[in-house]
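Q: return atomic coordinates for the entry below.
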Amino acid sequence: MASLKEVRARIASINSTQQITKAMKMVAAAKLRRAQDNITQLRPYAQKLRQMLGTVSAGAEVASESLYKQERAVQRALLIVVTSDRGLCGAFNTNAVKGALALIEEKYASQARSGNVEIMAIGKKGGEAFNRRGFKVNTAHVDVFGTLNFAAVRAAAEEAMEGFVAGRYDVVEVIYNEFRNAAVQIVRTEQMLPIVATKAPAGSVPAVATNYIFEPSEEEIVTELIPKTIKIQLYKAVLDSNASEHGARMTAMDKATENAGELLKELRLVYNRTRQAAITTEILEIVGGAEALASA
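A: This is a model prediction of the structure:
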């Protein structure tokens, strides 16, 4: 049985850890509120932008001829993996890495064997994970979360777009955690390039053909909308991942705080039992000594 001093030291240590996890939970909750506001405000805009692009480009030749719609035989692939810079957020980072590895195994196994799968890491944890596995990792935009804004994400999107147009990549896919709520994050994989036509939801009413008057020209609008939609798509994925990270960390720290509380209950019980055993031993020694003196 552990001594009273050892048990007291463990209780003090776990108390200190519990205070840290409780503080981290509160910080994550505060950050989550801001991150959740950001993604909920961007989602309608991103969806409307996609819808507008689909409507405008339906009959535009420039849309079908866009450099970002060119489908080629996939020889080289770029996977943009969005993780976090820090740990202590449960399985958040592991799930994103596993999602990317599953995608590689399913669609790009031959390209990976020949070294033609490149990882663009957004978030340090993803970069570290794929470096350990021997992949070619682009870490130029790994610090996006340090100053999370559209300009930082736009630079990453533009590099991927330039690589696709130049033929360095034949396909670009994004893997990230989609935010549902603080307890639920879902790993999503979206093809960023080449652009694929979005399917209408099942049971939806077909859109009615409408003649629009365009100002400026239809071609200019489509030419402007396509790159902007691609950048917004990546920005939405990063904001989704940011909110998911804070939700996962808040949930993980809440669980850690509960576990520390349970462990403290067990240790206090052990402490009381150890203390009572020590007192009983002392009483027995006193009684034994008194009896020895009386019989002397």
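Q: secondary structure class for Pro216?
A: Under the three-state scheme (DSSP: H, G, I helix; E, B strand; the rest coil), Pro216 adopts coil.
Q: where exactly do the helices run in the stretch 101-250 of the chain?
A: Listed in chain order, the helices of the stretch 101-250 of the chain (DSSP state H, counting those that start in this stretch) span residues 109-113, 124-132, 150-166, 218-295.
Q: quick one: which of these is nearest Asn95?
A: When the helices of the stretch 101-250 of the chain are compared by C-beta to C-beta, helix 218-295 sits nearest Asn95, at 8.9 Å. Yep, even glycine has a C-beta here, placed from its N, CA and C like the rest.
Q: check which helices and strands the closest one sits against.
A: helix 4-57, helix 61-64, strand 77-82, helix 92-107, helix 150-166, strand 171-181, strand 184-193 (3 or more C-beta pairs under 8 Å, 6 or more residues apart in numbering; DSSP states H and E).
Q: out of those, deepest packed?
A: strand 77-82 (a mean of 26; mean count of other C-beta atoms under 10 Å).
Q: now do that one and helix 218-295, the angle between them.
A: Calculated by axes from the mean of the first three to the mean of the last three C-alpha atoms, to 10 degrees, strand 77-82 forms an angle of 50 degrees with helix 218-295.
Q: mean confidence score for strand 77-82?
A: For strand 77-82, mean pLDDT rounds to 97.
Q: repeat that for stretch 258-270.
A: 93.
Q: coming back round to it: redo the helices and strands packed on helix 218-295 as TSV? Include distance to Phe214.
A: Compiled in TSV, those are given as follows (distance: least, C-beta to C-beta, whole Å):
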stretch	distance to Phe214
helix 4-57	8
helix 61-64	12
strand 77-82	32
helix 92-107	38
helix 150-166	24
strand 171-181	29
strand 184-193	25
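Q: which of these has the lowest average pLDDT?
A: By mean pLDDT, the lowest-scoring of the helices and strands packed on helix 218-295 turns out to be helix 61-64, with a mean of 58.
Q: which of the helices and strands packed on helix 218-295 sits closest to His246?
A: Counting by C-beta to C-beta, His246 lies closest to helix 4-57 out of the helices and strands packed on helix 218-295; the figure is 3.9 Å.
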